[in-house]
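>>> Have a look; sequence and predicted model below, questions after that.
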Amino acid sequence: MIKVGIVGGTGYTGVELLRLLAQHPEVEVEAITSRSEEGIRVGDMYPNLRGHYDGLAFSAPDAERLAACDAVFFATPHGVAHALAGELLDKGTRVIDLSADFRLRDAAEWAHWYGQPHGAPALLDEAVYGLPEMHRERIRKARLIAVPGCYPTAVQLGLLPLLEAGLIDADRVIADCKSGVTGAGRGAKVPSLLAEASESMKAYGAGGHRHLPEIRQGLGDAAGGPVGLTFVPHLTPMIRGIHATLYGRLTTEPGDLQALFETRFADEPFVDVMPAGSHPETRSVKGANLCRLAVHRPGDGDTVVVLSVIDNLVKGASGQAVQNLNLMFGFDERAGLSAPALMP
Ligand SMILES: NC(=O)C1=CN([C@@H]2O[C@H](COP(=O)(O)OP(=O)(O)OC[C@H]3O[C@@H](n4cnc5c(N)ncnc54)[C@H](OP(=O)(O)O)[C@@H]3O)[C@@H](O)[C@H]2O)C=CC1
Ligand SMILES: CC(=O)N[C@@H](CCC(=O)OP(=O)(O)O)C(=O)O
């Protein structure tokens, strides 16, 4: 058994960590923080968790208490992990950060996109980007994990086989993405109100979203050089889910694309390549740590279309964070993550 802490336990990704870890055979949640709900018991705030965390109450983010844990998850806004990660690592506690604090390798680029100076540039060299399908061996040895963002997870998994094989024009890749409203966090915001977000759909960040440099960095690693990406996110009237429609222009005769995808992900426990001709739905991954993919080549022309769906809170955040924990501590990679999706 290891002891873990969660900083930011009252947000959507924090409570999703609690839900997943409740079934984890190797993990005990030792500390869960909230500045607004200090002293409140977990089961009193979240009735779905009654009976699972008896005796565990939210406490202030206290470095001493967190440092007594083997690993600490940060499910907090950007900048919070910058302030605490170094101290925890110095005391031997491993850090799994769900925010974007350590995702970009370049501190100046991070400062540009996040509108504040990078708070811990000295840690960037050792941070490992926590996409197991690309960096599994490095994750096993890491002390500090930057869990990928939700859009970046869906987009990178869908494009990896094509870029690794050099089959598409890396200068012109398009990612047209849709997200449910939990992607915006639990804090009250006007665009997330029922009256604003239901029965409507809108694009945002079309001129440049902070996930653009993160996705470009990851796709560049897969392609072995710079990737030109157009990325447009949309807010859709669903609670959970990301749907990414990805377009690439074939530069060579690709052979059997279905076989390419099936082979690339054959050993991946959390990527499901659907049968040829499929159109995966977000509801088929709701609650599951899973990315479902389908690859199409319309009219046998020079465009390849990949459809990629995840649950933003699971494979897009908390599930992927637990998958990283499992790798770092040598547990079964599926521990705590084997439940199927909630919907057909
Ligand atoms: N929602 C999603 O789909 C995804 C989110 N992420 C990332 O994960 C992180 C958490 O997201 P999400 O759960 O949606 O966010 P929420 O806004 O729902 O929750 C944020 C949590 O952080 C705590 N918090 C806020 N400020 C501080 C602070 N200064 N110090 C300590 N704790 C703080 C809050 O609790 P309190 O104020 O009580 O302390 C709350 O528990 C973010 O960085 C987000 O970008 C990544 C992928 C997907
Ligand atoms: C719908 C919505 O607002 N989504 C968020 C991204 C989701 C997310 O949490 O990404 P990070 O982990 O990088 O913060 C957004 O577009 O800012």
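Noted; the coordinates are in hand. Numbers count the residues shown, from 1 in each chain. Ligands and ions are numbered 1, 2, ... in the order given.

>>> Which pLDDT does the model give the closest residue to residue 236 other than its chain neighbours?
In this structure, residue 236 finds its nearest non-sequential neighbour in residue 178, 4.5 Å apart by C-beta to C-beta, 6 or more residues apart in numbering. Every C-beta, even on glycine, is put in place using the N, C-alpha and C of the backbone. Here the pLDDT value assigned to residue 178 is 98.

>>> One more: residue 192?
89.

>>> now swap in residue 59 and tell me
So, for residue 59, pLDDT stands at 97.

>>> then whichever strand or helix holds residue 137 to PDB, C-alphas only?
Take DSSP states H and E as the rule and residue 137 turns out to sit in helix 132-141. These are the backbone C-alpha positions of helix 132-141, laid out as PDB (Å, rounded to 0.1, in the frame of the first residue of the first chain):
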ATOM      1  CA  PRO A 132       2.100   6.400 -21.600                       C
ATOM      2  CA  GLU A 133       1.600   5.500 -25.200                       C
ATOM      3  CA  MET A 134       4.700   7.600 -26.000                       C
ATOM      4  CA  HIS A 135       6.800   7.700 -22.900                       C
ATOM      5  CA  ARG A 136       6.100   4.600 -20.900                       C
ATOM      6  CA  GLU A 137       9.700   3.700 -20.000                       C
ATOM      7  CA  ARG A 138      10.500   7.300 -18.900                       C
ATOM      8  CA  ILE A 139       7.400   7.400 -16.800                       C
ATOM      9  CA  ARG A 140       8.400   4.300 -14.900                       C
ATOM     10  CA  LYS A 141      11.500   6.100 -13.600                       C
END
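
>>> Now do residue 195 against residue 99, distance only.
From residue 195 across to residue 99, the span is 29 Å (C-beta to C-beta, to the nearest Å).

>>> So between the two, which is more surrounded?
Legend: neighbour count by other C-beta atoms under 10 Å for residue 195 and residue 99, higher for residue 99 (23 against 8).

>>> Residues of the stretch 151-300 of the chain that sit close to ligand 2?
Counting by C-beta under 6 Å from any ligand atom, the stretch 151-300 of the chain comes close to ligand 2 at 179, 183, 184, 211, 233, 235.

>>> of all these, which comes closest to residue 326?
Residue 326 lies nearest to residue 183 out of these, by C-beta to C-beta, at 24.2 Å.

>>> and the residue nearest to residue 236, how many neighbours?
If you count neighbours by other C-beta under 10 Å, residue 178 ends up with 23.

>>> so who does it touch?
By C-beta atoms under 8 Å, 6 or more residues apart in numbering, the contact set of residue 178 is 201, 233, 234, 235, 236, 241, 242, 243, 244.

>>> Name the nearest of these relative to residue 306.
Ranked by distance to residue 306 (C-beta to C-beta), the contacts of residue 178 are led by residue 244 at 7.8 Å.

>>> so the closest one sits in a strand?
Yes - Residue 244 forms part of a strand when assessed by DSSP: H, G, I helix; E, B strand; the rest coil.

>>> what separates it from residue 264, distance-wise?
For residue 244, the distance to residue 264 equals 17 Å [C-beta to C-beta].

>>> Neighbours of the nearest residue to residue 235 once chain neighbours are set aside, how many?
Sequence neighbours aside, residue 202 is the residue nearest to residue 235 in space, at 5.6 Å (criterion: C-beta to C-beta, 6+ apart). Residue 202: 11 surrounding residues under other C-beta under 10 Å.

>>> got a pLDDT number for residue 202?
pLDDT at residue 202 comes out at 95.

>>> show me what contacts the residue in the stretch 1-150 of the chain that ligand 2 sits nearest to?
Here the stretch 1-150 of the chain gets closest to ligand 2 at one residue, residue 149, 3.4 Å apart by C-beta to the nearest ligand atom. By C-beta under 8 Å, 6+ apart, the residues touching residue 149 are 100, 103, 211, 214, 316.

>>> Return the residues in contact with the third one.
Shown in contact with residue 211 (C-beta under 8 Å, 6+ apart): 149, 151, 152, 231, 233.

>>> a markdown table for the residues you listed, including distance to residue 163?
Compiled in a markdown table, those are given as follows (distance: C-beta to C-beta, whole Å):
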| residue | distance to residue 163 |
| --- | --- |
| 149 | 18 |
| 151 | 17 |
| 152 | 14 |
| 231 | 15 |
| 233 | 20 |
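
>>> now that we have those residues, which one has the most neighbours?
Ranking the contacts of residue 211 using other C-beta under 10 Å puts residue 152 first, with 29 neighbours.

>>> quick revisit: which single one of the contacts of residue 149 is nearest to ligand 1?
Out of the contacts of residue 149, the member with the shortest distance to ligand 1 (by C-beta to the nearest ligand atom) is residue 316, at 4.9 Å.

>>> my hunch is that the closest one is in a helix, does that hold up?
Yes - assigned with three-state DSSP, residue 316 falls within a helix.

>>> Now do the strands in the chain.
2-7, 27-33, 58-59, 71-74, 94-97, 128-129, 144-146, 173-179, 202-203, 229-235, 242-249, 271-273, 291-296, 303-310 (DSSP state E).

>>> Make a markdown table out of these and add distance to ligand 1.
As requested, the strands of the chain are exported to a markdown table (distance: least, C-beta to the nearest ligand atom, whole Å):
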| stretch | distance to ligand 1 |
| --- | --- |
| strand 2-7 | 6 |
| strand 27-33 | 6 |
| strand 58-59 | 7 |
| strand 71-74 | 7 |
| strand 94-97 | 8 |
| strand 128-129 | 13 |
| strand 144-146 | 11 |
| strand 173-179 | 8 |
| strand 202-203 | 17 |
| strand 229-235 | 12 |
| strand 242-249 | 8 |
| strand 271-273 | 18 |
| strand 291-296 | 14 |
| strand 303-310 | 10 |
